[in-house]
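# output the structure for:
(2 chains)
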Number of protein chains: 2
Amino acid sequence: MVVDIKPKTGLNLQPIHQTVAVKFNYNVHFTSGLFELENPLLFEVLTSDGQTEPKKIVAIVDAGLLHSQPELVRRISRYTQLYGRKLKLLAAPMVVPAGEAAKNDPKLLDQIHQLIDSVGLCRHSYLLAIGGGAVLDLVGYAAATAHRGIRLIRIPTTVLAQNDSGVGVKNGINAFGKKNFLGTFAPPYAVLNDCTFLSSLSDRDWLSGIAEAVKVALIKDASFFEFIKSHADALLCRDMDAMQQVIYRCAQLHLEHIATSGDPFEMGSSRPLDFGHWAAHKLENLTNYNLRHGEAVAVGIALDSTYSYLLGMLSRLEWRRIIKTLKSLDFRLYIPELTEQLTQIDHPRCIFRGLTEFQEHLGGELTLTLLQGIGQGFEVHEVNLSLYKQAIKVLSAE
Amino acid sequence: MVVDIKPKTGLNLQPIHQTVAVKFNYNVHFTSGLFELENPLLFEVLTSDGQTEPKKIVAIVDAGLLHSQPELVRRISRYTQLYGRKLKLLAAPMVVPAGEAAKNDPKLLDQIHQLIDSVGLCRHSYLLAIGGGAVLDLVGYAAATAHRGIRLIRIPTTVLAQNDSGVGVKNGINAFGKKNFLGTFAPPYAVLNDCTFLSSLSDRDWLSGIAEAVKVALIKDASFFEFIKSHADALLCRDMDAMQQVIYRCAQLHLEHIATSGDPFEMGSSRPLDFGHWAAHKLENLTNYNLRHGEAVAVGIALDSTYSYLLGMLSRLEWRRIIKTLKSLDFRLYIPELTEQLTQIDHPRCIFRGLTEFQEHLGGELTLTLLQGIGQGFEVHEVNLSLYKQAIKVLSAE
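The predicted structure is shown next:
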């Protein structure tokens, strides 16, 4: 098979082996009152690069925040004015729609790029992204692709964004009806988690973000699962200390996984922390994103935990503790979309179609994370669909 | 100034310091007759990942190639059919416009994304980009942003793409009238330099790509400059061996710079190999891209070499050798756009406006590479515009 083809020129030029090593460093800070004039954190982060020229800044704000904090835009301006010799806010903060709508309208991406162009941001300028995970994903994608990368400061304002998506290395928008079809791997310049934003969340958003913490606890850290379980009531009653600890540990586990997986940009076959996510992504789509990502993840966790139990990998006792904990956090574990078109596995509305879409997005062979114990994930490459149908039936009776 | 703000919750959560280390490996191969059935290189590269499932492939082809090689599309299909059990060409090769037009029409990006979606490429699938630098830039950007990164095989077909842009880590398209306003840093999966493609280049394209070799020789490698100088006649007469050696050494120096600069994604202030490029980018724009990139780079090199001489950094003897070598390669060193609106430095058609645009794209303070000898670049952060005007005048008399 191997034929040695010499260039027609007679030269034999050996391949050049190229290695490009890139190291990204960023800090995830925890604070409160980020835009209070006496809080220097944002100023310090923006001026920490040792360069002397004033910093050019543009802020993009999640519209959802303005209902509860109508003064936010003014406070951002006031903060930068205080440091006016060093910080230049080049335009009034731009407001983008909250939630998945931010990722579904390609015009928003264009508008952010236009803003970056019109005010003349450069690679050493800063884009502040203030909002929930979807808005951070949109702004992150815009930042990563303008001038091949403008510095992105993420200021996540939801539980989900503070403990999971907002601290990681991804961005993206939806296209062709597929979640995150467009996007890049691009670490932020810094992440500023401000717990003040959490106070104004609806109960639904406060709780739904905990699903990602349950997820990472289940596959990585039994004692963290124990913490969540024993603090479920406190979390339900909006105890900020308990929530802060959940966010901190969840973010830490997420960051550790990225740093130590050996493949942070998922070029090979190493896995992101996606336990329960194949079904979650599909359910978000099937419910037209009426289900929050965290709520969908909770259903996905319940489904894959039940499947792990039915497979004989997870003990009944542990399975019950997982189901009970999810219920104690007020998560629904079954929604009707789980059983739509269940007999036609290639039907676009069949939940099992999510397996194919999941594989297609990540590439390579199908890989699912299941549980062999609380805190112990393991991977499989095949699924037993009739056992999965049984798991759905079990959940429908919960 | 530093006030210690405790979270209102009373917890004191320390910042989490995150380091993400990513290593990209790729080979730049040199071959001829890449799509000849008896040449196994492409097959070997596509199946080198150790995975057993058939490889999904889509090819995007530069329309400019089809004039001289109308059978190319059929040959790609025939090649993949030969290895039909392992290689699946999922669609007829898509043809995109040649040259800068590929980067100026945002619809092309959408169309490539649509194709990737419709045939179901995943992160372990391959996009083959076959063409000149502009087409590779467009396809590379599409590949880098679909599913957060599909494997890109670059098959550069011009001298410029084989020795410079095609072997590097960038991609991009133009937007808002600015070159490469949108793009990412994304190393290819592999680069396959096939010298056969060079035979069908016009004389203009054959020669213009040599400008990047002169550039890197001037700032890094005096003996390579000597090689180019002494082979100028051979290059002019389309000697393929001489050209192959120029391409190989130029690619090697370019790759070395990326690997050893310490900042391959240009996040800090380290510089790409952009001697002569501030003027080149502006001249391409001012001539509506009628000037080839390489031709513009030759003018930029002549200008910055002359300026280096007038500054007293470069000896008269070395300056003359540079000018003579560029002339011996048939490069024009002066074009009328150099003197348009020369007195109004902020005028959009003034060449000096290119300095601002150059700084804005790269970020941070203005940094230009100049010469203190052949093979010895050095950096400056200030320019003397009246000396630059004098340099333009000198060139106009060459």
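
# could you use CA atoms for every contact and neighbour count after this?
Noted.

# let me see the ranges of the strands in chain A.
In chain A, the segments counted as strands under DSSP state E are A:16-31, A:55-62, A:87-89, A:94-96, A:126-131, A:151-156, A:173-175, A:178-182, A:190-194, A:368-373, A:376-380.

# contacts only, for A:Phe24.
For A:Phe24, the contact set (Cα atoms under 8 Å, 6 or more residues apart in numbering or on different chains) comprises A:187, B:19-21.

# quick one: the residue nearest the centre of chain A from A:Leu46, how far?
Geometric centre of chain A, nearest residue: A:Ser165, 2.2 Å, by Cα atoms, centre = their mean. A:Ser165 sits at a distance of 22 Å from A:Leu46 (criterion: Cα to Cα, to the nearest Å).

# one more: A:Ile60?
In this view, A:Ile60 and A:Leu46 are 16 Å apart by Cα to Cα.

# dump the strands of chain A into JSON lines; add mean pLDDT as well.
JSON lines is the format used below for the strands of chain A (pLDDT from 0 to 100):
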{"stretch": "strand A:16-31", "mean pLDDT": "96"}
{"stretch": "strand A:55-62", "mean pLDDT": "97"}
{"stretch": "strand A:87-89", "mean pLDDT": "97"}
{"stretch": "strand A:94-96", "mean pLDDT": "98"}
{"stretch": "strand A:126-131", "mean pLDDT": "98"}
{"stretch": "strand A:151-156", "mean pLDDT": "98"}
{"stretch": "strand A:173-175", "mean pLDDT": "96"}
{"stretch": "strand A:178-182", "mean pLDDT": "91"}
{"stretch": "strand A:190-194", "mean pLDDT": "98"}
{"stretch": "strand A:368-373", "mean pLDDT": "96"}
{"stretch": "strand A:376-380", "mean pLDDT": "95"}
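
# what about the residue of the stretch 151-300 of chain A found nearest chain B, how many residues close to it?
Taking Cα to the nearest Cα, chain B has its nearest neighbour within the stretch 151-300 of chain A at A:Thr184, 4.3 Å off. A:Thr184 is flanked by 27 other residues according to other Cα atoms under 10 Å in any protein chain shown.

# wait, doesn't A:Leu235 sit right on A:Gln244?
No. Applying Cα atoms under 8 Å as the test, A:Leu235 and A:Gln244 come out as separate, 10.0 Å apart.

# my guess is A:Gln359 contacts A:His381, does it?
No. Using Cα under 8 Å, A:Gln359 is not in contact with A:His381; the gap is 10.3 Å.

# neighbour-wise, which of those two wins?
Comparing A:Gln359 with A:His381 by other Cα under 10 Å, the one with more neighbours is A:Gln359, at 17 against 9.

# for that one, which residues are in contact?
The neighbourhood of A:Gln359, defined by Cα under 8 Å, 6+ apart, consists of A:365-367.

# over to A:Pro54?
Neighbours of A:Pro54 in contact, by Cα under 8 Å, 6+ apart: A:85-88.

# buried members of those into ChimeraX, please.
Buried subset of these, written as a ChimeraX selection, criterion 16 or more other Cα atoms under 10 Å in any protein chain shown:
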select /A:86,87,88
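
# what parts of the stretch 201-350 of chain A come near chain B?
A:240-241, A:248, A:252, A:255, A:258-259, A:262-265, A:267-268 (Cα under 8 Å from any Cα of the partner chain).

# reformat these as CSV; add pLDDT and neighbour count.
Shown next, in CSV, are these (pLDDT from 0 to 100; neighbours: other Cα atoms under 10 Å in any protein chain shown):
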residue, pLDDT, neighbour count
A:Met240, 96, 19
A:Asp241, 96, 17
A:Tyr248, 98, 24
A:Gln252, 97, 19
A:Leu255, 96, 24
A:Ile258, 94, 23
A:Ala259, 94, 16
A:Gly262, 84, 15
A:Asp263, 86, 19
A:Pro264, 91, 23
A:Phe265, 90, 23
A:Met267, 84, 19
A:Gly268, 76, 15
